[in-house]
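A.B. asks: attaching a predicted model along with its sequence, questions to come.
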There are 2 protein chains.
Amino acid sequence: MNITAQWIIGFTDGEGCFHIGINKNPSMNLKYQILPEFTVVQHQRDIKVLYALKAFFQCGVVRKNHGNVLSYRVRGQKNLSIKIIPFFEKHRLKTSKRIDFYNFRKVIRMIDREEHLTVEGLEQIKKIQELVSSRKKL
Amino acid sequence: MNITAQWIIGFTDGEGCFHIGINKNPSMNLKYQILPEFTVVQHQRDIKVLYALKAFFQCGVVRKNHGNVLSYRVRGQKNLSIKIIPFFEKHRLKTSKRIDFYNFRKVIRMIDREEHLTVEGLEQIKKIQELVSSRKKL
């Protein structure tokens, strides 16, 4: 399946999600682990487009979510930092999902600089995540 | 806002809907009215993309659905027949929403030939609509 950058932008404006997970993890120094992920969710009947995204970005996995729902998911700092972020910088989202992307990028760049390992950095990431969550509830 | 054909295809693959409404209407000869519509639904924060679609297709309206949800909607045989259908024929949807589109097009072309005014035509349209509805419930 042939997909173009503009199609991906349109599809992401509809179905994409820039998620910043913050999980308690006692083995970490600050007791929290930051888990950013880019996901696109789809009914299993359209599993092909999820694999087309995986082939396009050359990273990520296609996984079952629940019931008939699957998702294409990219985790991992390197993939997010050098593949996902530059793509959405080059090709601008049209909906307000762009704001989620900017916040997501902010966190990815902080992790690039290892700021998430400091108390101040972690607090800032928590604040960004709260902002993103509250915007989605509007 | 600048939107391209490929962005529209991606966004429609995510958020678009090809709906075939069939309403009882005692004033019609066969007591039923066929109401096909193409819609794209969106939170009001992204009303701009709905108006961008309206400007692109040069037809349709942006209306409030319920709560914070708005939709861009194209009804009217002429607009569907000469603007919407040719666009999605030229630019191929990537998801299985393409099947909905093919069924939708079948109905629009039947109405073009006034077949919906015959008992046989109406029955065929009802069957197509049932097919589309059952596919969505899978």
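C.D. replies: Okay, I see it.

A.B. asks: okay, and the helix or strand of chain A with the least pLDDT?
C.D. replies: Taking mean pLDDT, DSSP states H and E as the measure, the helix or strand of chain A with the lowest value is helix A:119-137, at a mean of 89.

A.B. asks: got the residues of chain A near chain B?
C.D. replies: The interface of chain A toward chain B, taken as Cβ under 8 Å from any Cβ of the partner chain, is made up of A:1, A:3-15, A:42-43, A:45-46, A:48-49, A:52, A:68, A:94-96, A:138. Quick note: C-beta positions are derived from backbone N, CA and C, even for glycine.

A.B. asks: in terms of contact, does A:Arg92 touch A:Arg98 like I think?
C.D. replies: Yes. Taking Cβ atoms under 8 Å as the contact criterion, A:Arg92 and A:Arg98 are neighbours in contact, 6.7 Å apart.

A.B. asks: compare these two (neighbour count), which wins?
C.D. replies: For the pair A:Arg92 and A:Arg98, the greater number of neighbours falls to A:Arg98 (16 against 10), based on other Cβ atoms under 10 Å in any protein chain shown.

A.B. asks: list the residues that contact A:Ile99.
C.D. replies: By Cβ atoms under 8 Å, 6 or more residues apart in numbering or on different chains, A:Ile99 lies in contact with A:Arg135.

A.B. asks: residues of the helix or strand hosting it that come out buried?
C.D. replies: Counting by DSSP states H and E, the element that carries A:Ile99 is helix A:97-112. Of the residues in helix A:97-112, those buried under the neighbour-count criterion (16 or more other Cβ atoms under 10 Å in any protein chain shown) are A:Lys97, A:Arg98, A:Asp100, A:Phe101, A:Asn103, A:Phe104, A:Arg105, A:Val107, A:Ile108, A:Met110, A:Ile111.

A.B. asks: point to the residue nearest the middle of chain A.
C.D. replies: A:Phe38 (2.2 Å; Cα atoms, centre = their mean).
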